[in-house]
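Colleague: only geometry, no sequence info:
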């Protein structure tokens, strides 16, 4: 079983024993450190273990655990891809998390990014901005994640990172499309 410790040294369990609400159950799947960032990157098109590791800087053992947990929960599926690498792809259950991820991204931009959003989302059909609620400001349509393009925003600062994910996300990219060749 995975345990995290707090300052007092007591192990904290992975689950919310005695909590029976839906939020507690959801947090058991997506509430561990790194998990939401892994999901964000999966929406951006990251599929390979090595690309997740390089972009996020997450320890490999932690990444393996999180990918395993997300796969076991049916949020991701892992299947052999090109060159024998396992590729992790969001399932329909995982795709349903997009509004949550998008809202958290926008909340972070609003409260913690003085220069503006690091990434902006545009409608693939007409290149107009898409609101947090998923509505295209150009045509007024609800835009599913499959029709979104992620592009650099005004808050995207040069980090000096040269991993393939950072490089690929420096230009507009269709959401969910693989970032590797």
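Modeller: Yes, it's here. In this text, all values refer to a predicted model and were calculated from it rather than measured experimentally.
Colleague: So the residue positioned nearest the centre of the chain, which state does it fall into?
Modeller: Relative to the mean C-alpha position of the chain, the nearest C-alpha, by CA atoms, centre = their mean, is the one of residue 40, at 0.9 Å. Secondary structure for residue 40, judged by DSSP: H, G, I helix; E, B strand; the rest coil, is helix.
Colleague: Distance check, the nearest residue to it once chain neighbours are set aside against residue 160.
Modeller: Spatially, and ignoring its direct neighbours in sequence, residue 40 is nearest to residue 101 (5.6 Å; CB to CB, 6 or more residues apart in numbering). All C-beta spots, glycine's among them, are computed from the backbone N, C-alpha and C. Per CB to CB, to the nearest Å, residue 101 is found 26 Å from residue 160.
Colleague: For these two, indicate the residue with more neighbours.
Modeller: A side-by-side neighbour count of residue 101 and residue 160, using other CB atoms under 10 Å, places residue 101 first with 17 against 6.
Colleague: Contacts for whatever helix or strand the more buried one lives in, please.
Modeller: In this assignment (DSSP states H and E), residue 101 forms part of helix 98-112. When contacts are defined by CB atoms under 8 Å, 6 or more residues apart in numbering, helix 98-112 is touched by residues 30, 36, 39-40, 43, 116-119, 121, 132, 134, 145, 153, 155.
Colleague: What residues does the residue lying closest to residue 113 once chain neighbours are set aside make contact with?
Modeller: Residue nearest to residue 113 in three dimensions, not counting chain neighbours: residue 155, with 4.5 Å by CB to CB, 6+ apart. With contact taken as CB under 8 Å, 6+ apart, residue 155 is in contact with 109, 113-118.
Colleague: same thing but at 10 Å, please
Modeller: By CB atoms under 10 Å, 6 or more residues apart in numbering, the contact set of residue 155 is 109, 112-120.
Colleague: Neighbour count, distance to residue 90 and pLDDT for these - can I get that in CSV?
Modeller: As requested, the contacts of residue 155 are exported to CSV (neighbours: other CB atoms under 10 Å; distance: CB to CB, whole Å; pLDDT from 0 to 100):
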residue, neighbour count, distance to residue 90, pLDDT
109, 19, 22, 93
112, 8, 26, 92
113, 16, 25, 90
114, 5, 31, 88
115, 11, 29, 90
116, 12, 27, 90
117, 17, 22, 92
118, 17, 21, 91
119, 16, 18, 94
120, 18, 21, 96
